[in-house]
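**Q** Fold the stuff below for me.
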Amino acid sequence: MSYNLKEVMNKPERLVAGHRMCAGCGATIAVRGVLRALHEGDRAVSGNATGCLEVSSYMYPYTAWEDSYIHNAFENAGATLSGVETAYKALKKRGRLSEKDNFKFITFGGDGGTYDIGFQSLSGAMERGHDMVYVCYDNGAYMNTGIQRSSATPMYADTTTTPVGTQSNGKLQGRKDLAAIIAEHNIPYVAQTTLTQNFKDMYEKSEKAIYTEGAAFLNIMAPCPRGWRYETSEVMKICRLAIETCYWPLFEVDHGKWILNYEPKKKLPIEDFLREQGRFKHLFKKGNEELIVQFQNEVNRRWENLQYRCAQ
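**A** Numbering: from 1, shown residues only. Down below sits the predicted model:
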């Protein structure tokens with residue numbers, strides 16, 4: 001598998017200009033990165049759960065999607081694309097489609113439509129083993145409907161349903177580890193990535209997910225400038241700090257084998273990641289030092305568990 005940044009970036013875009021996503025949004029960068037991994041000549045059917053990406057990229061009769069596109073309800077992105085993939089196989093079997101008709105099936109959902117309300121249909125699609133890729137663009141809350149907490153929201157984050165105040169320090173619970181949960185479905189390929197500096201990690205994992213036979217799942221951290229409260233130009237910096245602090249490790253599970261893709265030479269403290277985001281500004285007020293220690297301990301625990309899994 002070769003990666004040439006110039007060649008990859010010169011590929012025709014499959015999510016084109018004209019959408020209404022916010023400046024500095026990680027979701028559209030992630031979607032463009034995934035779709036660039038499609039080989040020349042291959043076509044895609046893209047599904048999309050209701051959310052920021054859907055309402056901003058498809059306003060009938062206008063669309064920013066170059067391939068076939070299906071907007072489905074908030075909760076059933078996995079079920080919809082698994083049905084389309086099954087219909088495709090049936091049509092090929094009956095001779096209604098030629099062998100030259102090469103389609104790949106890729107569906108997208110935010111963390112609200114993936115971790116939470118859409119988890120049932122996602123789990124079912126993965127368990128049945130449909131030849132499809134489910135991509136979660138994880139922005140850590142229900143951003144489209146007003147920045148409510150989801151099970152992907154990190155602890156102590158300030159959201160509209162876990163507001164910081166005199167009696168509250170934000171969300172009390174930690175983030176669900178969805179990639180590990182999907183790996184327990186024993187599917188061929190699971191990976192976690194984000195917007196890395198030259199997009200190599202995301203591109204290679206996307207290509208592997210698309211061209212591995214069977215079900216695949218990609219979890220991509222996609223920062224949201226409104227919900228995370230950072231300057232729009234800082235999206236790549238936020239992602240780099242998530243990796244270097246080990247808040248968002250880069251790993252894959254390839255046919256059951258856990259692989260750590262990157263280990264920082266010098267792991268940065270979690271406050272470097274938190275300080276860049278307005279949703280965590282309360283953690284740096286006097287008297288809240290212990291909250292940062294607790295956050296760091298949780299990051300350390302998850303990082304050590306991941307290292308152990310990958311060493312087996």
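**Q** Show me the strands in the stretch 201-312 of the chain, by range?
**A** 216-221, 251-254, 257-260 (DSSP state E, counting those that start in this stretch).
**Q** Now do the last one: which elements does it pack against?
**A** Secondary structure elements in contact with strand 257-260, counted by 3 or more C-beta pairs under 8 Å, 6 or more residues apart in numbering; DSSP states H and E, are strand 251-254, helix 289-311. In short, each C-beta sits where N, CA and C put it, glycine included.
**Q** how about the ones you listed in TSV, adding mean neighbour count, distance to Ala17 and mean pLDDT?
**A** Compiled in TSV, the helices and strands packed on strand 257-260 are given as follows (neighbours: other C-beta atoms under 10 Å; distance: least, C-beta to C-beta, whole Å; pLDDT from 0 to 100):
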stretch	mean neighbour count	distance to Ala17	mean pLDDT
strand 251-254	21	31	98
helix 289-311	15	37	98
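**Q** residues in contact with the nearest residue to Met236 once chain neighbours are set aside?
**A** Nearest residue to Met236 in three dimensions, chain neighbours excluded: Leu195, at 5.9 Å (C-beta to C-beta, 6 or more residues apart in numbering). When contacts are counted by C-beta atoms under 8 Å, 6 or more residues apart in numbering, Leu195 is found next to Gly26, Ile29, Ala30, Gly33, Met202, Ile220, Met221, Ala222, Pro223, Val235, Met236, Cys239.
**Q** let's see 10 Å
**A** If a contact means C-beta atoms under 10 Å, 6 or more residues apart in numbering, then Leu195 has 26, 29-30, 33, 201-202, 220-223, 235-236, 238-240, 242-243 as its contacts.
**Q** With Arg226 instead?
**A** Cys22, Gly24, Cys25, Cys52, Asn139, Ala141, Met143, Gly146, Ile147, Thr232, Gly278.
**Q** And it, what's its pLDDT?
**A** Taken from the predicted model, the pLDDT recorded for Arg226 is 96.
**Q** Equivalent analysis for Asp177, please.
**A** The predicted local confidence for Asp177 is 97.
**Q** Could you report the neighbour count for it?
**A** For Asp177, the neighbour count with other C-beta atoms under 10 Å is 16.
**Q** ok, now the one 4 residues further on?
**A** The local packing of Ile181 (other C-beta under 10 Å) involves 16 other residues.
**Q** contacting residues around it?
**A** For Ile181, the residues meeting the contact criterion (C-beta under 10 Å, 6+ apart) are Tyr115, Phe119, Leu122, Ser123, Met126, Val190, Phe217.
**Q** Apply 8 Å and report the result again.
**A** With C-beta under 8 Å, 6+ apart as the criterion, no residue contacts Ile181.
**Q** swap in Pro269?
**A** Counting by C-beta under 8 Å, 6+ apart, Pro269 touches Thr245, Gln296.
**Q** In terms of pLDDT, where does it sit?
**A** At Pro269, the pLDDT recorded in the model is 98.
**Q** Which stretches in the stretch 51-200 of the chain count as helices?
**A** According to DSSP state H, counting those that start in this stretch, the stretch 51-200 of the chain carries its helices in the segments 52-57, 77-93, 119-128, 178-183, 200-211.
**Q** got TSV for the ones you listed, with distance to Asp101 too?
**A** Output for the helices of the stretch 51-200 of the chain, formatted as TSV (distance: least, C-beta to C-beta, whole Å):
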stretch	distance to Asp101
helix 52-57	25
helix 77-93	7
helix 119-128	22
helix 178-183	29
helix 200-211	16
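**Q** re earlier: using JSON lines, please lay out the helices and strands packed on strand 257-260 together with distance to Ile182.
**A** Below are the helices and strands packed on strand 257-260 laid out as JSON lines (distance: least, C-beta to C-beta, whole Å):
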{"stretch": "strand 251-254", "distance to Ile182": "9"}
{"stretch": "helix 289-311", "distance to Ile182": "14"}
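**Q** quick one, which of those is nearest to Glu75?
**A** With respect to Glu75, and counting by C-beta to C-beta, the nearest of the helices and strands packed on strand 257-260 is strand 251-254 at 25.1 Å.
**Q** Show the contacting residues for the residue lying closest to Gly146 once chain neighbours are set aside.
**A** Residue nearest to Gly146 in three dimensions, not counting chain neighbours: Thr160, with 5.3 Å by C-beta to C-beta, 6+ apart. With C-beta under 8 Å, 6+ apart as the criterion, the residues that contact Thr160 are Gly146, Ile147, Gln148.
**Q** Narrow those to those that are buried.
**A** Ile147, Gln148 (16 or more other C-beta atoms under 10 Å).
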